[in-house]
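Asker: sequence and predicted structure below; questions after.
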Amino acid sequence: MGDDEFQMSGFEACPSWAPVLGYLGSASCIILANWGAAWGTWKSGMGLCTMGVNHPNGIIKNLVAIIMAGVLGIYGLIVAIIISGGVSAPQVGVGNTYSQYTGWAHLAAGLCCGFTCLAAGGATGIAGEVGIVAVGLRAELNHAKHHRGGFGNSSGEIVEEGDAGKLYIGSVTILSFAGAIGLYGFIVALIITSSNYYACDYELEN
């Protein structure tokens, strides 16, 4: 099959540089997604450590933000593996077998998942830090009021959080919608990688 059959109105369907697009998509996806995961873990971890000084009993329950931030890195890893696995190697005597169309699709999928996970990581980290600290402060305030009234545990350890649980539920709800941003990008990236593919079916000339 001649090379002219792979020219579409001046568009080269399978250039030699096409695999660069696929690997850029894979690399950008894992880098941006893990950047978002690290950002969310950093901010949420700071809030958790701050809260844990006066309210250590609430540490385990408030790990939700850190867990949700870590999931974003998994989204990026999955999409990056799918993209890199879809980049076909050149064949001897044939040349490039990876089309430009597929390369742009893989680049779009990588950027889609990567940037949405980056945004989700920032939202999760900031909202998580503020929410965790707020829950700890509210629990500490309720404990102080309860202690001044002469009820319950007289030690400095916070056992009952009081109405801080309502604030915790609101914080988790915010985190759920913040993390959903990355999930949306992950789903769209999977759709792009599974449906947009053009193969360079060269036939060796005799």
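Answerer: Cool, got the structure. Because the structure is predicted, anything quoted here is derived from the model rather than measured. Residues are numbered from 1 along each chain as shown.
Asker: Thr97: how many residues sit nearby?
Answerer: Applying other CB atoms under 10 Å, we find 17 other residues in the vicinity of Thr97. Heads up, the C-betas are built off the backbone N, CA and C, glycines and all.
Asker: run the chain-centre distance for stretch 169-180.
Answerer: Distance of stretch 169-180 from the chain centroid (CA atoms, centre = their mean, to the nearest Å) equals 15 Å.
Asker: er, stretch 130-137 I mean
Answerer: When distances are taken as CA atoms, centre = their mean, stretch 130-137 is centred 24 Å away from the chain's centroid.
Asker: thought Cys200 was touching Tyr101?
Answerer: No - between Cys200 and Tyr101 there is no contact under CB atoms under 8 Å: 9.7 Å.
Asker: give me the common contacts of those two.
Answerer: Here Cys200 and Tyr101 have Ala13 as joint contacts, going by CB atoms under 8 Å, 6 or more residues apart in numbering.
Asker: do a quick rundown of the helices in this structure.
Answerer: With DSSP state H as the criterion, the chain has helices at 18-54, 64-86, 100-148, 164-195.
Asker: which strands or helices does the third one pack on?
Answerer: Think helix 100-148. Using 3 or more CB pairs under 8 Å, 6 or more residues apart in numbering; DSSP states H and E, the elements in contact with helix 100-148 are helix 18-54, helix 64-86, helix 164-195.
Asker: which non-adjacent residue is nearest Cys200?
Answerer: Cys14 (4.0 Å; CB to CB, 6 or more residues apart in numbering).
Asker: what's near enough to touch that neighbour?
Answerer: Contacts for Cys14 (CB under 8 Å, 6+ apart) come out as 6, 95-100, 200.
Asker: cool, and Ala33?
Answerer: Contact partners of Ala33, counting by CB under 8 Å, 6+ apart, are 72-73, 75-77, 79-80, 113-114, 117-118, 121, 182.
Asker: could you rerun that using 10 Å?
Answerer: 71-80, 110, 113-118, 120-121, 182, 185-186, 189 (CB atoms under 10 Å, 6 or more residues apart in numbering).
Asker: Ala65 too?
Answerer: With CB under 10 Å, 6+ apart, Ala65 has these contacts: 40-41, 43-45, 47-48, 124-129, 131-132, 171-172, 174-175, 178-179.
Asker: find the residue at the geometric middle of the chain.
Answerer: Leu72 (2.5 Å; CA atoms, centre = their mean).
Asker: where's that one relative to Tyr98, distance?
Answerer: 28 Å (CB to CB, to the nearest Å).
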